[in-house]
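1. I would like the atomic coordinates for the input below:
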Amino acid sequence: MAKLHHSDFNQFFTELWGADAKPFTWQCELAEKVTRPFPVSDSEAAHQTCRSEDTQSWPDAIALPTGAGKTACLDIAVFALAICARRTQSEAGSAVAAPRRIFFVVDRRIIVDAAYERARCLAHKLECARAGVLKAVADELMLMACGGRAAMSGERPLAVHSLRGGMYRSDGWVTNPLQPTIVASTVDQIGSRLLFRAYGRGSSTWPIYAGLIANDSLILLDEAHCAQPFLQTLQAVSKYRRWADEPIGRPFLPVVMSATPPLGVRSVFRDCSGEGRNPEHPLGRRQLAKKPARLADPVKPRKGRGVDTVAKEL
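-> Residues are numbered from 1 along each chain as shown. Reported below is the predicted structural model:
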């Protein structure tokens, strides 16, 4: 099995999305940040695991505007998890906080659906990979899913699920806590499960959902300025986890993704490349694109037909 390196992310991205797909500089920089090992003491190395938020390599906030490609954080998280799978077994004295459950949470159903489709495509390409960095990532994830043993029927490199209202909600992601997983969800679906109140599920299952979301998990909260109460809840849960007499040594990493991250976050990742301000760069063409609007006065409705007339005009 080929050994992965943090510098392989560019190739991983290209194999995923095609030869013409190149990651933006900020995506490569974030991938390097969350996959580079950082030193720990000898006593800590003796009990080495992918550690929790006290040594997290993910920032508290990713400050990027709409259109910057933040959904690619799913690709980065999966790549980091594959590197962590090998490192936790073989490299004492280094640590990477790479949770195996990745939650992409946003209070917009249409964005949940878009994130789910990207994750589903990612999972399919990993499952079909036969060579290259993509195959190396798939092999590492499969090893995690199988708990280090031979693969069994039903296990795959990456499972993908969607949780939102107005559709069938699969609970398959709770059946195997070892399975690397992406869940795209609205705030209320994940929030209710985190707080032992899973919508439409019996109370006997509530601790299972809460335990799996609050441990070994990365929660990417997109458009966080629209979900301040949920962000405050995540921050409170992060604090409460440290109260335990014997804390679980797996990460719980809430990461805000917003052009305007909230005050008080400790570490903020920003795009310092200048690509978003360059009109000749693909990212710049997105972010500098003009979006003209005009004010249109609707025709004056005839008596008794006001709603119909205005609706037709709109």
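2. could you use CA atoms for every contact and neighbour count after this?
-> Fine.
3. mind jotting down where the helices sit in the stretch 51-200 of the chain?
-> With helices called from DSSP state H, counting those that start in this stretch, the stretch 51-200 of the chain shows them at 73-90, 109-128, 132-145, 187-194.
4. below-threshold pLDDT in the stretch 201-314 of the chain: ranges please.
-> Applying pLDDT under 70 to the stretch 201-314 of the chain flags the ranges 301-302, 304-305.
5. show me where it has strands.
-> Applying DSSP state E, counting those that start in this stretch to the stretch 201-314 of the chain gives strands spanning 217-222, 252-257, 268-270.
6. now these in CSV, with mean neighbour count and distance to residue 243?
-> Shown next, in CSV, are the strands of the stretch 201-314 of the chain (neighbours: other C-alpha atoms under 10 Å; distance: least, C-alpha to C-alpha, whole Å):
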stretch, mean neighbour count, distance to residue 243
strand 217-222, 25, 18
strand 252-257, 26, 14
strand 268-270, 16, 25
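7. pull the number of nearby residues for residue 249.
-> 15 (other C-alpha atoms under 10 Å).
8. no wait, residue 166
-> Using other C-alpha under 10 Å, residue 166 is surrounded by 7 other residues.
9. likewise the one 4 residues further on?
-> Taking other C-alpha under 10 Å as the criterion, the count of residues near residue 170 is 11.
10. ok, now residue 294?
-> Counted with other C-alpha under 10 Å, residues neighbouring residue 294 total 5.
11. what sits against it?
-> With contacts defined as C-alpha atoms under 8 Å, 6 or more residues apart in numbering, residue 294 has no neighbours.
12. so which of the helices of the stretch 51-200 of the chain is the most packed in?
-> The highest average neighbour count among the helices of the stretch 51-200 of the chain, using mean count of other C-alpha atoms under 10 Å, belongs to helix 132-145 at a mean of 23.
13. that one packs against which elements?
-> Other elements packing on helix 132-145 under the criterion 3 or more C-alpha pairs under 8 Å, 6 or more residues apart in numbering; DSSP states H and E are helix 9-17, helix 73-90, helix 109-128.
14. and the last one, how far out from the chain middle?
-> Same thing as helix 109-128. Chain-centre distance of helix 109-128: 11 Å, with C-alpha atoms, centre = their mean, to the nearest Å.
15. in TSV: the helices of the stretch 51-200 of the chain, plus distance to residue 19 and mean pLDDT.
-> Formatted as TSV, these follow (distance: least, C-alpha to C-alpha, whole Å; pLDDT from 0 to 100):
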stretch	distance to residue 19	mean pLDDT
helix 73-90	16	82
helix 109-128	14	96
helix 132-145	13	92
helix 187-194	35	94
